[in-house]
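Trainee: the following comprises the amino acid sequence and a computationally predicted model.
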Amino acid sequence: MISGSNIVSNSRISHSQFSAQGTPAETGTPSRTDIGVITVLPQERHAVETTLGETRSWREEPGGPLFREAWLPVPPRPPLRVVAVQTLQPGTESAALAVRELITRFRPSVVLLVGIAGGIADWVRIGDVVISEQIISYDARRETASGPRIRARMQTVSAELGHRLNDFTADRQGATQAEPFRVHRGPIGSGNAVVTDADSYIRTWLQGVNENVLAVETEAAGAAQTFHEVAGWSATPYGWLTIRGISDAADEHKPPAGDHHALASRHAASVMITLAPYLDFRP
């Protein structure tokens, strides 16, 4: 596992930066979708939109979710087109539907799930950010007289995306680290059950499967599985990633909803911005 922090302190994209850079429509660059972003909670959506800056346009499909579009400057390259959407509700099923909608309508090269999670590794603290390239699903199980038997389902990012993450990690290690939180890279557990017990069998099972499991959350398993099933619809599907700010310790001391949600969401969105240029798969 690699830890550290090099999040650019002035990573927010201001209105003036958007105006100076211009959208691809203004600069003559062909329109395309480079990054799709999924959020779940209102605090997550607000953090993503605030960090991106001004959303240049948005659309709402009849009976469907509201998609917001932004052009992210990555000089000297043309801006990246980012399309973001909030799921209808928490959980793997709603996340899966949101990913399917994104891929069907916009065909992004990369899908990012950006938001919060509960940290379960001893070295992960509230406010830290976890970038996960491996999802371990804990929903599938067999009920027995001696207790549940979980049947692991795992998803891992593509090699193309893994190489980009390696570049990002190497560059971070050589940068000045002045931010008050760390960034970790490693596996997380995902399922519909919300974990609020340090002795939960889910936590025990996850850490038995992989001692480096960093966090638990409730959407990534659905997002990753859907991308795996429908990515072939796109000519250039490079993969998905989960970027999660740690808002609690997934135990009985879990604070009331919202206590650390905004902080963790902001940190996750900041990492998203720093990572985005590494996810530029354009020729």
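Mentor: On my side now, so go ahead.
Trainee: element containing residue 167, please.
Mentor: Assessed by DSSP states H and E, residue 167 sits inside helix 159-173.
Trainee: would you mind putting the CA coordinates of that helix into CSV?
Mentor: C-alpha atoms of helix 159-173 as CSV (Å, rounded to 0.1, in the frame of the first residue of the first chain):
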residue,chain,number,x,y,z
ALA,A,159,-4.1,-2.5,-16.9
GLU,A,160,-4.3,0.8,-18.8
LEU,A,161,-5.8,2.5,-15.8
GLY,A,162,-3.4,0.8,-13.5
HIS,A,163,-0.5,2.2,-15.3
ARG,A,164,-1.9,5.7,-15.0
LEU,A,165,-2.4,5.2,-11.3
ASN,A,166,1.3,4.1,-11.0
ASP,A,167,2.3,7.4,-12.7
PHE,A,168,0.1,9.4,-10.4
THR,A,169,1.5,7.7,-7.3
ALA,A,170,5.1,8.1,-8.4
ASP,A,171,4.6,11.8,-9.1
ARG,A,172,2.8,12.3,-5.7
GLN,A,173,5.8,10.7,-3.9
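Trainee: relative to the whole chain's centre, how far out is the helix or strand following it?
Mentor: Sequence order places strand 183-185 as the next helix or strand after helix 159-173, per DSSP H and E. From the chain centre to the centre of strand 183-185 is a distance of 12 Å (C-alpha atoms, centre = their mean, to the nearest Å).
Trainee: downstream of strand 183-185, the next helix or strand is which one?
Mentor: strand 188-190.
Trainee: ok, that next one: who's next to it in the sheet?
Mentor: Counting by DSSP bridges, the strands paired with strand 188-190 are strand 134-137 (parallel), strand 215-217 (parallel).
Trainee: how close does residue 274 sit to residue 243?
Mentor: Residue 274 is 10 Å from residue 243, where distance means C-beta to C-beta, to the nearest Å. From N, CA and C alone the C-beta is placed, and that goes for glycine too.
Trainee: thanks a lot, catch you later.
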